[in-house]
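Q: this is a predicted model, with the sequence first.
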Amino acid sequence: MKALVTGGAGFIGRWVCKALIEKGIDVSILDDLSNSTEKNFEEFKSSRGFHFYKCKVEDRNSVEDIFKKGFDICIHAAAQIDVQESLENPDESFNANILGTFNVLEAARKSRTKVVIVGTCMVYEMANEPITEQSRTKPLSPYAASKLAAEELALSYYYGYGLPTVILRPFNTYGPFQKTNMEGSVATIFIKNKLRNEDIKIFGDGSQTRDLMYVEDCANFIVMASLEKNAEGEIINAGTGKDVSINKLASIICKDQSKIKKIPHHHPQSEIKRLVAGYSKAEMLLGWHPKTSLEDGLKKTEEWLADNPDRMEE
């Protein structure tokens, strides 16, 4: 089996590549490295059948040429992922997330390649109970809106052309190889600040909650969904089913309360107050469930960042 991973040099993408390779699947990466690095997939270069194509998903002709190599599955993880950046430069979200997805779908349609869309939980409306796939959507940023539009576009190819597609909505993912700037998760940002003995800054009052999933659990979910025939045409959540407040998270990571500061939110209108995943569909369809506790995941992430201090500059 041959798989193409767009955005495979990125955080989640590189872990997806690792999980695929461990299953004996030939992996190719399509990535323009504008927001990632070859260091993320250095260990895969000697793997059987591995290829790297430096390409932007916005470049339709190049994308189509790469698909002609012949793939069974394309896991589409390439995206503009920064919520704050999308509010300030919405055209980038449109080009990468909507136009890029269109190019991937068109190339996949012509080559009859299954497409797995790596979406986001940020498309959902805030709720006081676990969010299921039937929950209402309410995109609060161009990032979220563009990701939701990309999902709908993919489903139109499933219904209109019979192209096998799967829509995945992982909740907040963190772990090794994640950036520690505003594109990273709140967990990796807080860990970086702790390791540097800097203040941990909380936007707003810190009562907002997140469902934090360790990246290897996320990658296993994506690979399992990619290989499951019954997942085609479905939208599937993944998370831990437990949320933690940002205040609590800061206290777990940093025991020194004097280092934890509250600051005004840049874009309070885009803040989601509570996110917790209902993932029973993933359990039923895939037999998937998260295996890593928050405490273990944070420990692994902190150990990796401590061993790779140069990655904290990213």
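A: That came through, no problem. Computed from a prediction, not measured in an experiment: that's the story for all the values here. Numbers count the residues shown, from 1 in each chain.

Q: which positions within the worst-scoring helix or strand of the chain on mean pLDDT qualify as buried?
A: Within the chain, no helix or strand scores below helix 83-88, which has a mean of 87 by mean pLDDT, DSSP states H and E. Of the residues in helix 83-88, V83, E85, S86, L87 count as buried by neighbour count, 16 or more other Cβ atoms under 10 Å. Placement of C-beta: from N, CA and C, glycine included.

Q: show me what that helix is packed up against.
A: Under the contact definition 3 or more Cβ pairs under 8 Å, 6 or more residues apart in numbering; DSSP states H and E, helix 83-88 sits against helix 90-93, helix 142-161.

Q: got the CA positions of that helix in PDB?
A: Taking C-alpha atoms only, helix 83-88 is exported to PDB below (Å, rounded to 0.1, in the frame of the first residue of the first chain):
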ATOM      1  CA  VAL A  83      -6.300  31.000  14.400                       C
ATOM      2  CA  GLN A  84      -4.800  34.500  15.300                       C
ATOM      3  CA  GLU A  85      -3.100  34.600  11.900                       C
ATOM      4  CA  SER A  86      -6.300  33.800  10.100                       C
ATOM      5  CA  LEU A  87      -8.100  36.700  11.700                       C
ATOM      6  CA  GLU A  88      -5.300  39.000  10.600                       C
END
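
Q: off-centre distance for that helix?
A: 17 Å (Cα atoms, centre = their mean, to the nearest Å).

Q: mind listing the strands in the stretch 201-314 of the chain by residue range?
A: 209-210, 213-214, 235-238, 244-245, 260-263 (DSSP state E, counting those that start in this stretch).

Q: show me the contacts for F67.
A: L4, C74, A107, A108, K110, S111, T113 (Cβ atoms under 8 Å, 6 or more residues apart in numbering).

Q: gap between the fifth one and V57?
A: In this structure, K110 lies at 16 Å from V57, with Cβ to Cβ, to the nearest Å as the measure.

Q: cool, the first one as well?
A: Remark: distance between L4 and V57 (Cβ to Cβ) = 11 Å.

Q: ok, those two, which is more surrounded?
A: Remark: of L4 and V57, L4 carries more neighbours, 28 against 25, as counted by other Cβ atoms under 10 Å.

Q: for that one, pull up the helix or strand it's in.
A: Per DSSP states H and E: L4 is located in strand 2-6.

Q: from the contact counts, what lies against that strand?
A: Using 3+ Cβ pairs under 8 Å, 6+ apart: strand 2-6 touches helix 11-22, strand 26-31, strand 73-76.

Q: what segments of the stretch 201-314 of the chain are helices?
A: Taking DSSP state H, counting those that start in this stretch, the helices of the stretch 201-314 of the chain run over residues 215-227, 246-253, 280-286, 294-307.

Q: name the nearest residue to T180, sequence neighbours excluded.
A: Excluding the flanking residues, the one nearest T180 by Cβ to Cβ, 6 or more residues apart in numbering is K192, at 4.0 Å.

Q: please tell me how far the one you found sits from G184.
A: For K192 relative to G184 (Cβ to Cβ), the value is 8 Å.

Q: could you do L249 as well?
A: In terms of Cβ to Cβ, L249 sits 14 Å off from G184.
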